[in-house]
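Participant: I would like the atomic coordinates for the input below:
(chains A, B and C)
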Amino acid sequence: MKKPLRKSQTIKNTKEMSNFKPAKKVLLKNASIIDGQNDYKSTFDLLIIDGKIKEMKPEIVSSSEFDGKIFDLSNKLLLPGFLDMHVHFREPGREDEETILSGARAAMTGGFTAVCTMPNTQPVTDNREIVEFIRDEISNHLISIYPVAAITRGQKGDELVEMAELIDAGVVAFSDDGKSVANSLVLRRAMEYARMFDVPIIEHCEDAGLAAGGAMHEGFVSTNLGMPGIPSIAEDVVVARNIQLAEYTKSKIHIAHISSAGAVELVRRAKEKNIQVTAEAAPHHFTLTDETIRSFDANFKMNPPLRSQKHIEAIVAGLKDGTIDAIATDHAPHSIEEKQVEFAAAPFGIIGLETAIGLIIKQLIKPGILNWNQAVEKLSINPYRIIGIPAPQIKERGIANLTIIDPEAKWKVNKDELCSKSRNTPFDGWEFKGNVIGVFNNCFYSLGEKQK
Amino acid sequence: MQENRKHLLGLEGVPAEEIKLILDTAESFKEVLDRPIPKVPTLRGKTIVNLFFEASTRTRFSFELAEKRLSADTLNFSTTASSVKKGETLRDTAQNIEAMKVDMVVIRHPASGAPHFLRHWIKGSVINAGDGCHEHPTQALLDMKTIQGIHNEFKGLRVAIVGDIIHSRVARSNIYGLTTMGAEVALCAPAPLIPYEAEKWNLKTFYNVDDAIAWADVLMVLRIQLERQSQNFFPTLREYHNYFGITRERLEKANKKITLMHPGPINRGIELDSDLADDPEYSVILDQVTNGVAIRMAILYLLSGETK
Amino acid sequence: MERKVKAKIIDETGLKRTITRLSHEIVERNHGTEIIAAVGIRTRGAFVAERIVKEIERIESKKIPLGILDITMYRDDFRQRLKQPVLQQTDIPFNIDEKNIVLIDDVLYTGRTIRAALDALMSFGRPAQIQLAVLVDRGHRELPIKPDYVGKNIPTSIGEEIQVKLKEVDDEDCVLLVEAPLGEW
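Facilitator: Model prediction:
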């Protein structure tokens, strides 16, 4: 890198600074707590002082001289803050598509108090400077960023990055996201090396040869449309390899955005054998099929691609039985210009932070696939466990890292009102019931004001 | 024509009565083409743009001739995708066209769905002259017109499509059109050239070309792209010719009347023997060219009604 | 659609008589049948033409060539329509060069159909003459076109239409004066 990136190099747009406030003294009344562990029969009041849960009991009577903010959370759900362990904020490199701050605002709106940013920035997040730049940029913010660094320099698949130093700088995992490490020996070394620090290797599982030239899932729809396909086996064979490597090296592998039935089954069997494998799924992969591509709208183009109904069913089953540990959005902003082209020429990826909760409620909670406690596991407990950071807990003397949901709130996605700088969502116009209304984290909170 | 049909993007889902209307209308235009002055004023004052993002001679000439025979004003834009940055030109060109208030756009593009994309950018009609490996509806319609000229009925007619099916927009449009009209369609190719889950089309599949010939009334032979060989879809052109090429010996061995079609341009001596292509006993390849103009006139005519 | 009939202008016998008279006039004016050919305009003009050709054959014992013209491709109301009309076959199985072409239609009204038919004929060659024969001339011309042979002049008012019925496509032979359908004016 020629010039070290310093915070002063980016001009902070005041509009990008979110409307969050210091959580100096806040009283939350009548909240229904869902923490993924306990089955609370009654509602609770929480007194938050300087970002910590000072008191938590069925009723806190505030004296008349209480000078903090009071919010009545009757019929609202209070959850531990969500962690989206797979997002792409385009800074440094493509600040026109997303900055760290605009991405953070989108995360906040979507109920995520923390995110893991993927390393395919420009330049690639493979060195300490960029990690420090990211951490600088998000300092003193409600949102926490746990950066993921590349496995290999420049994500080229040859030389390992300086893992130890990167971990010291705050990196929580390594991934060459966007592609797999093709050379199995390089990946083996990476896994063995990472094992020393107990950090996971995250793999975007795709056999480059099998997927070559593909633009969508290979199946009857791609056959009809004459579009080059990305077969599900391109994912399966690499998942299988990675599981074998994890077993052999006794290290941790995390499967990013799992999308195929075969991969889910491989992970399920590996877990039965106590291999240290975990997996995440993206909301679009349990919601949309490849049929949507008949529209040739590039907002349905992502990688892994939207697959057929059979695969959707497998993802849902994997979420239900715990094979899939986490839900992560793979938030991938792209400019309108890049997406408004013929399908084959468009880049892969959609934004997802702000639509995730709507889709999770609509596709998983309403139909009874997950209950709220299980949703908390997928959105908070497990993602934190995978990256080795203690998950937030809702308890006295604990940090107030919270996501508040109004399960009755009706809303409609309007792409032009999103906090993300990009507009590449296939869910524009979708109507949902249930939305995030507030978040607490890092001694800040945002609640009681319009998020968007 | 369906009252709401403004574009011709493909034949998938186009109902039989519309296909029949196009074929019947083409018959009227075939008569026009036989006149001493083969030109009618039907599209006088209409502006049609031919956008060719891929090399093409016969389809472009056929459209241009059809447009001129109908007295339309035509503009031609030809480029190859390699000379411009992917994606950029289509959007820019579309916006330019829209500013020129063009009535119809004929587009050929190497990307599947490019005409569908263009439709959102312009007010006029869009006619697909071939998009990637997706569809080539006017080619299939002219093929069907040619078949109709020989066999009259589609019902029960057996058409075997032989060759590079996975990359063929001609194959897809013919599969949709012919099956809609009641013909039986079979595929014959080396297995890697048949697309994944093609069995959901519910078509017969032959891996032996002699069996396909024995079964078929019509053989639709597709062009083998020479660069496919390096992509391992089949080992060598020599082996392709020996095991899937249509040769006089194979046809004579079958000892039956069979109609031989090819969308052109032909790789003589690879997918089809050179002298067979020119043998009027079997080949209707030149009829295909003539019918092409009439079919395209019919489509331009039927789509050119004013829309609300 | 059934429309209200105001009067039957020509009945079956009258129609037969008119065809006979028109045929005689055509032969007389062209000094025989040597160079004449008939071209009927679809739909009913074609049937009138067929009848005239038969009648001339009966009178002169000579069959004159008959062609049929579909003028849809030449219509000038193109821009106003939402849906394209179905095209029918044109069939002119003879060379029109140097012939006296008798163009035949059932009703002459604005003249636009005849204008289209003249255009169409010209793409088949260069006839010596084109003459126009119609069963009924109802007036209201919008173009400078005058028929050479007229079965009957029937001046109509706005709100009236002429309906020619022929057994080839209808249930009887007659010419009716009917009320125009509401909304058309």
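
Participant: Please tell me how far the residue of the stretch 151-300 of chain A found nearest chain C sits from residue A:301.
Facilitator: Residue of the stretch 151-300 of chain A nearest chain C, by CB to the nearest CB: residue A:295 (26.1 Å). Placement of C-beta: from N, CA and C, glycine included. Residue A:295 sits 11 Å away from residue A:301, going by CB to CB, to the nearest Å.

Participant: For chain B, give me the ranges with low pLDDT.
Facilitator: Scanning chain B for pLDDT under 70 picks out the ranges B:1-4, B:81-88, B:306-308.

Participant: if we go to 80?
Facilitator: Along chain B, the parts satisfying pLDDT under 80 run over B:1-4, B:79-89, B:227-230, B:305-308.

Participant: tell me which parts of it are close to chain C?
Facilitator: Contacts of chain B with chain C, taken as CB under 8 Å from any CB of the partner chain, map to B:1, B:3, B:21, B:24-25, B:27-29, B:31-32, B:35-42, B:45, B:301-302, B:304-308.

Participant: Can I have the buried ones of those residues as a PyMOL selection?
Facilitator: Here is the PyMOL selection string for the buried members of those, based on 16 or more other CB atoms under 10 Å in any protein chain shown:
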select buried, chain B and resi 1+21+24+25+27+28+29+31+32+35+40+41+42+301+302+304+305
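
Participant: Show me which of residue A:295 and residue A:301 is the more surrounded one.
Facilitator: Neighbours were tallied for residue A:295 and for residue A:301 using other CB atoms under 10 Å in any protein chain shown; the higher tally belongs to residue A:301 (25 against 15).

Participant: Can you give me the neighbour number for the closest residue to the more buried one other than its chain neighbours?
Facilitator: Excluding the flanking residues, the one nearest residue A:301 by CB to CB, 6 or more residues apart in numbering or on different chains is residue A:346, at 5.2 Å. Around residue A:346 there are 24 other residues, counting by other CB under 10 Å.

Participant: Now do the same contact list for residue A:346.
Facilitator: Residues in contact with residue A:346 (CB atoms under 8 Å, 6 or more residues apart in numbering or on different chains) are A:298, A:301, A:334, A:338, A:339, B:87.

Participant: Closest one to chain C out of these, please.
Facilitator: residue A:298 (32.7 Å).

Participant: now check stretch A:91-102, is it near chain B?
Facilitator: No - using CB under 8 Å from any CB, stretch A:91-102 never reaches chain B; the gap is at least 15.9 Å.

Participant: And that stretch, end to end?
Facilitator: With CA to CA, to the nearest Å as the measure, the ends of stretch A:91-102 fall 10 Å from one another.

Participant: buried residues in it?
Facilitator: A:91, A:92, A:93, A:94, A:97, A:98, A:99, A:100, A:101, A:102.

Participant: Look up how far residue A:123 lies from the second one.
Facilitator: So that's residue A:92. Taken as CB to CB, the span from residue A:92 to residue A:123 is 7 Å.

Participant: Common neighbours of the two, please.
Facilitator: residue A:130.

Participant: where along the stretch 351-452 of chain A do the strands fall?
Facilitator: With DSSP state E, counting those that start in this stretch applied, the stretch 351-452 of chain A shows strands at A:402-412, A:431-441, A:444-447, listed in chain order.

Participant: Just send these back as TSV, with mean neighbour count too.
Facilitator: Below are the strands of the stretch 351-452 of chain A laid out as TSV (neighbours: other CB atoms under 10 Å in any protein chain shown):
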stretch	mean neighbour count
strand A:402-412	18
strand A:431-441	21
strand A:444-447	22
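
Participant: how much space between the residue nearest to residue A:301 and residue A:338?
Facilitator: From residue A:346 over to residue A:338 the distance is 7 Å, taken as CB to CB.

Participant: Residue C:4 now?
Facilitator: Distance from residue C:4 to residue A:338, by CB to CB: 65 Å.

Participant: Below-threshold pLDDT in chain C: ranges please.
Facilitator: Checking chain C against pLDDT under 80 turns up C:1-3, C:76-84, C:181-185.

Participant: Now do the strands for it: every range, in order, please.
Facilitator: Counting by DSSP state E, the segments of chain C that form strands are C:5-10, C:36-41, C:66-69, C:100-108, C:129-137, C:149-153, C:160-165, C:174-179.

Participant: Mind checking those strands for the one nearest to residue B:286?
Facilitator: Residue B:286 lies closest to strand C:66-69 among the strands of chain C, at 28.4 Å (CB to CB).

Participant: Check whether the closest one comes near chain B.
Facilitator: No - using CB under 8 Å from any CB, strand C:66-69 never reaches chain B; the gap is at least 10.8 Å.

Participant: Residue A:320 sits in which helix or strand?
Facilitator: Using DSSP states H and E, residue A:320 sits within helix A:309-321.

Participant: Does anything pack onto that helix? Which helices or strands?
Facilitator: helix A:261-272, strand A:277-281 (3 or more CB pairs under 8 Å, 6 or more residues apart in numbering or on different chains; DSSP states H and E).

Participant: Mean neighbour count, distance to residue A:321 and mean pLDDT added to those, as JSON lines?
Facilitator: Converted to JSON lines, those look like this (neighbours: other CB atoms under 10 Å in any protein chain shown; distance: least, CB to CB, whole Å; pLDDT from 0 to 100):
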{"stretch": "helix A:261-272", "mean neighbour count": "20", "distance to residue A:321": "7", "mean pLDDT": "98"}
{"stretch": "strand A:277-281", "mean neighbour count": "26", "distance to residue A:321": "12", "mean pLDDT": "98"}
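
Participant: which of the residues of chain B next to chain C come close to chain A?
Facilitator: Applying CB under 8 Å from any CB to these, none is adjacent to chain A.

Participant: Contact partners for the residue positioned nearest the centre of chain B?
Facilitator: Central residue of chain B (CA atoms, centre = their mean): residue B:139, 2.0 Å from the mean position. Going by CB under 8 Å, 6+ apart, residue B:139 touches B:59, B:130, B:169, B:170, B:173, B:174, B:263, B:292.

Participant: mind listing what the fifth one touches?
Facilitator: With contacts defined as CB under 8 Å, 6+ apart, residue B:173 is in contact with B:10, B:11, B:135, B:136, B:137, B:139, B:140, B:141.

Participant: out of those residues, which are buried?
Facilitator: B:10, B:11, B:135, B:136, B:137, B:139, B:140, B:141.

Participant: Nearest to residue A:436, out of these: which one, please.
Facilitator: Nearest to residue A:436 out of the buried ones among the contacts of residue B:173 is residue B:10 (CB to CB; 41.9 Å).

Participant: tell me the contacts of the closest one?
Facilitator: So residue B:10 contacts B:128, B:134, B:135, B:137, B:172, B:173, B:176 (CB under 8 Å, 6+ apart).

Participant: Just the ones of the residues you listed in strands?
Facilitator: Per DSSP E, the contacts of residue B:10 map to strands at residue B:128.

Participant: Narrow the contacts of residue B:10 to those in helices?
Facilitator: B:137, B:172, B:173, B:176 (DSSP state H).

Participant: which residues does the most centrally placed residue in chain C contact?
Facilitator: Closest residue to the average C-alpha location of chain C: residue C:105 at 0.4 Å, with CA atoms, centre = their mean. Contacts here follow CB under 8 Å, 6+ apart; on that basis residue C:105 touches C:40, C:41, C:44, C:45, C:48, C:113, C:114, C:117, C:132, C:133, C:134, C:135.

Participant: how far does the helix or strand of chain A with the lowest mean pLDDT sit from the chain's center?
Facilitator: Ranked by mean pLDDT, DSSP states H and E, the weakest helix or strand in chain A is helix A:336-339, scoring a mean of 91. Centroid displacement of helix A:336-339 relative to its chain, using CA atoms, centre = their mean, to the nearest Å, is 23 Å.

Participant: which residues touch it?
Facilitator: Outside helix A:336-339, the residues touching it (CB under 8 Å, 6+ apart) are A:298, A:299, A:346, A:347, A:422, A:423, A:424, B:87.

Participant: Now the helix holding residue A:320: average pLDDT?
Facilitator: The pLDDT scores in helix A:309-321 average 98.
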